[in-house]
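**Q** this one's structure only:
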């Protein structure tokens, strides 16, 4: 491992929690180079909703590569892109009545967010973007300005501007009516908030600590946006592609955002790919006004198409996700009850779940103990106070139970370690 | 092609020049779905220096995927990443005496640039970045602020700040000594230029019109940076990986930048990957201070490693590139001479070459005529005034001659079309 | 009046409400050139707390000018400046136990605010300033960024940044606990609010609509600032110099701001002058780091000194102001009661009082009717929804009663005019 | 003097060069409290072009104050304002064929600059302002962004943006053609300079070191602005009101700026007052969109009117200023010749003159020696490398000779002190 220490920047992070070298992966399992298996409840931070190296996708990908089909074609037309668009339209947009245009903004989620913010500003002629406490949207300068985490913001090295932070759902524990503050600012011409171009929101904040916005709150937000002619951007990079059950995480709330960002699991196989979707009338881009080298990652289109065909032609996955989510919740609730004195609390929706602790550092300790027992788990929240569960949607009930058993054990062990003498 | 029109955003651009659907690709050729071959002198805007689907790289990639090796591992340690780091160190860094740390900043070139700018600002505690006329560094907000193109800047929707533009080499046709302006600003405490954190420069501006910085100018810039303690960032995304001959485009000048960005051809196979390299002492990142989902694209590491092993263990490719570059230059010079009355002019270094025209729209017309004759060519420069040649470094002399024959014909045809009656 | 129409910019405003040419002024009265008197309940927007051309101040000023004492001396030492400093220290700072340094930041209130913001940022090394809804701090770019009014903000022509707006006391009608939002943002490292340098607040918002911060709220704010090490700036430009009773408007709350701005009535005679006061340890300015031509307006020092000697060597003025304030409140309350159906409401503290109306445009109509009856009144609030009373502190009870009689009549007349048929 | 040390902020500066307390002033002389006279070659940094306490102005001012004419009237109409506008139109605008609207932007020069920048941005809908190396426009955030001095810029505490610095006339010693750089940036759509709203320039940079723009350069700048539809703002705060001979310093060049700022000597008596003038068609302000408390300083209008009547009804002052300027130049040239080895050099136009030294700290030493000999002189330039002469325009030849004798002596003494042993 000396080569990593010597050559790789100090910025590296996940490797610090999991000091092994990974080698293989299949379904819900990763293997280190000694062959030890790890049950993966992190799933590439939501990039592997269909598990590692799903055989259906894998065969399509290998077939594609074997036949010397085109890999890199910038934003030229390719058969792989056509297939993807066709399939995405048929399986996702049309059934949901979403008349969206599709932009390929670059390979990373932050590219999708940057394109969304640029388009919202260009379309409205306004600058300010409303974002929410604990929101996370990426590390490039535009995306970082709407991200809450102070450590990451500090990395910018310049003041971040043109954004205004507002309370996410239940941020102040019900001590104030929803949107009272934002609505007051919008309707008062003396409030000091310049009329925003758009609002950017996650329906469940993954990095922020698995904070769930209720359907009611989301509907309230959508109505507020409509009333004040603000564009509503849902950043569905982590919660989209079925993580909470339906393909888009906002479907439950019955809202139709003006702009949607997707990435992570959209390629289905862990390869870089991102989309920015927006209502037809917002498509005011000039040709080439936003560009980039990796806007047409054909192998990612191929696995993305295969994933849509495999999982989104019916509602089986969606139903299973909801059911498995309930299973996880039930098990976590039992664990939380057991550790009520550590301020344990369950959060989440679908298969994005969190176990939050009031006692400092406990979540990190749980994660460490779980790793020792062969389970990969990450923490989230600004103080790493939440154990975050993002298992593959394809994980079996048995795998989920196995992982939850480990979490139960790991929590008991962690609580003991953290105990004052 | 109806699906593209209906679903894909108006922002799409290359497809407008090449209204066919591509399907396969091998070496220097792309094929559309009717099977028509196109000689590719664009090579993914420099992302395919080793041609399409290089067999050596392909077999390593397929082998990797077949064996269920891990695809997505965020920034955890993987064997693929270790192999890449090891090989990059052995073939690139060590032989050149470059003691760089390696950051995996995300999959896109703009991620590499954003990380470079953030690090430069964090390290120095200053905000301003000096950039150069006609420079191009990406579409995310930080990278866009140091990019020259006004149409692309306008897409930001907010004023771009913390940057100062300076004349690139020979920008004012020798009417002023090199660095007179920048040096004056730096040494005058009343100049209005806040002391910059860094300078970001391309040694050959690809998007800007194949403008070449001389070795002398680059050395002058490096000296100026040292004198005033500014960090020197070379954005080698398009010109690195051998495009101008040596692996890094700055090697000829004998300089050692503080920070280097790489992307495009670093994965060797057209898959998204990027690197930010910097001197060891600059590695002041906190763990996770810059992050992102696709920082560990293992299949790209695999092909990247294979490319390094195949092409950079000796100096054959470098020598061949220089020789082929001379061939291209000679042929282009003849064409330019033939069209001196259209203000034709040859530019470039190694296998990054340009044929610039004074007569408006001629370059676009040449590109159109070439496409009809089965050659893919793009234009660059703020007014699309330059025909840009970026053939694969692996193109044979015969392929090069064939392409240049087409360019000669296409230019004649274009000049005729553009001719006033 | 043709010359004004022809030559003066359309930006002029007060003259539009009062289309006469003023000529003389004495005490609480202004006279137009036809000799018609107007009772002045505007008092230079709080610049004439001691009335127009107070005889004591006038004689000192004329004496000073007659003797060819120095008028303009930049920031050199002058006897007039020494007298002012001495007197200010004796009558204001020492009795209140305020160990402040005094900066002469330029002649205008906005200069005092700009100096305060610059110093707060320099001292803390942070950028963000917390300001409050409906706050008003001036028209220069730094001051405008912390001002709420959208029309005035729009005049900037550039996005205003490095500021965050927070709810002023009772902004949301008691539907949320004080400081819940600001405190949540400060203690949450994921909130998206970068740690602020300072908070800037008015104890009573004059331009914003005579909104009063309670003593309790101000103490809460001061405590919050202390807890999070933010500097507390009280902008006392309009409410200082005795407007609410005590010399500083924050005295009632028992707080000691880190920085205080004064202007308007500090010269006592309507001549431009401003002060920035700050705790001794904050005095980190370099010599000349903030400068300006009119930092040493000696005639203003002379009348300023005379005003301090005349009014602030005992507590008579303070007591009288409180008593007169109660008189005004009582009379306004009766008027408000009479017009409860127009949503009339009384606001204010000391001799800064407002009569707010829910019914649109009524306040402007009251002001118009009052002008016709010989009373100068202005409106405030972002929609001009409040009739604002700032009579000279030296106005007699009889003058106050006379003015309030006119307001009662004017309101009745205005309500009739505004009545739907 | 203890009170200054104890109470006044460390930001104070001129008083550090002249550690006495001034008391009286008449014409070209200031007196300290011991009665010692000082010949004043600083004249309030150009605020006292007509000397101290000019008897004509003084009698008008005292008469005005004695009669209880109105002192403070915000931006209401007053007879004093009408007289000023009438007289300014008759004596200044009409004879010069300038169809300007007049804005009273507040009492300080920076208010005039901030209003100019805001208006230029509002009118054009663009953000960037082009400023020049070593320019000085004020300490408020908007004005500071177009000011060159790095120490003063650093005082902002936030990055200064929306401005681009360009070389002032002869900045690079004739090594590059005028406007080559700026013109290149404007005509190149890939230059990285966003299309500017306006250019702000001083015809002679006072604070920047008495750097003179030639008439030819100013005409070139005006033509460039016209060609690219940029507004031309001449900041004539220090050089206007006759300092270089004609009332406006740009008259010699025969240009008509779009916007002009005036302050300093416009009131004629050292009282705060400022004007922003602009072409009629630029008057797009909304009523009250820029406001402020001290926009109607009537006593300053009175002395301003008297100054215009006394000095600008004929061309006597203008001619005398030019003649005296030549006298000064001749004497300074002799001094410079005597000290050629210290790199002495004469600069300036009219009665704004500078004696620049290459040898460090010499200018400050000259100023110190002059003070000891009873002459007030300041230095300017970013390194205080220039002795600056701004004597009252009304100084007699004898006074000028006397002052220049002192400068000759002081320079000799300073050179001796600075001499290495």
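**A** That came in fine, so what should we check first? In this text the structure is predicted, and so the values were computed from the model without any measurement.
**Q** so does stretch A:101-113 get close to chain C?
**A** No. Shown here: stretch A:101-113 not in contact with chain C (CB under 8 Å from any CB of the partner chain), separated by at least 14.6 Å. To be clear about C-beta, it is placed using only N, CA and C from the backbone, and glycine gets the same treatment.
**Q** what is the rounded mean pLDDT of that stretch?
**A** For stretch A:101-113, mean pLDDT is 98.
**Q** Just give me how far it sits from the chain centre.
**A** Taking CA atoms, centre = their mean, to the nearest Å, one finds the center of stretch A:101-113 at 14 Å from the center of the full chain.
**Q** Endpoint to endpoint, that stretch covers what distance?
**A** For stretch A:101-113, the first-to-last residue distance is 15 Å (CA to CA, to the nearest Å).
**Q** is chain B contacted by that stretch?
**A** Yes. Judged by CB under 8 Å from any CB, stretch A:101-113 and chain B are in contact via A:101-104, A:106-111.
**Q** Please flag which of these sit within helices.
**A** A:109-111 (DSSP state H).
**Q** okay, residue A:1: pLDDT?
**A** Listed pLDDT for residue A:1 reads 85.
**Q** how deep is residue A:158 tucked in, by neighbour count?
**A** When neighbours are defined as other CB atoms under 10 Å in any protein chain shown, residue A:158 has 24 of them.
**Q** Do I have it right that it meets residue D:159?
**A** Yes. Residue A:158 lies in contact with residue D:159 (CB atoms under 8 Å); the separation is 6.5 Å.
**Q** Excluding chain neighbours, what is closest to residue A:83?
**A** residue A:305 (4.9 Å; CB to CB, 6 or more residues apart in numbering or on different chains).
**Q** Next secondary structure element downstream of the strand or helix carrying the one you found?
**A** Residue A:305 belongs to helix A:298-311 when assigned by DSSP states H and E. Where DSSP H and E defines the elements, the next helix or strand beyond helix A:298-311 is helix A:316-338.
**Q** ok so, going back, what distance separates the helix holding residue A:305 from the centre of its chain?
**A** Computed by CA atoms, centre = their mean, the chain-centroid distance of helix A:298-311 equals 19 Å.
**Q** before we move on, the earlier item: need the residues touching each of residue A:158 and residue D:159.
**A** B:127, B:161-162 (CB atoms under 8 Å, 6 or more residues apart in numbering or on different chains).
**Q** Just name the closest of these to chain C, please.
**A** residue B:161 (9.5 Å; CB to the nearest CB).
**Q** Thought residue B:145 was touching the closest one, still the case?
**A** Yes. With contact defined as CB under 8 Å, residue B:161 reaches residue B:145; the gap is 6.5 Å.
**Q** residue boundaries of the strands in the stretch 251-400 of chain A?
**A** In the stretch 251-400 of chain A, strands defined by DSSP state E, counting those that start in this stretch lie at A:259-262, A:275-279, A:345-349, A:352-356, A:375-376, A:378-380, A:386-389, listed in chain order.
**Q** Mind telling me what element the nearest residue in space to residue A:65 that is not next to it in sequence is part of?
**A** Nearest residue to residue A:65 in three dimensions, chain neighbours excluded: residue B:62, at 5.8 Å (CB to CB, 6+ apart). Secondary structure from DSSP H and E places residue B:62 in helix B:55-66.
**Q** what's the answer for residue A:3, then?
**A** helix A:2-7.
**Q** counting contacts, what elements does the helix or strand just after that helix pack onto?
**A** Past helix A:2-7, further along toward the C-terminus, the next helix or strand under DSSP H and E is helix A:14-17. Packed against helix A:14-17 by the contact rule (3 or more CB pairs under 8 Å, 6 or more residues apart in numbering or on different chains; DSSP states H and E) you find helix A:362-372.
**Q** any bit of the helix it packs on sitting next to chain B?
**A** No. Contact of helix A:362-372 with chain B (CB under 8 Å from any CB) is absent, the minimum separation being 11.3 Å.
**Q** For that helix, buried residues please.
**A** Judged by neighbour count (16 or more other CB atoms under 10 Å in any protein chain shown), helix A:362-372 contains these buried residues: A:362-371.
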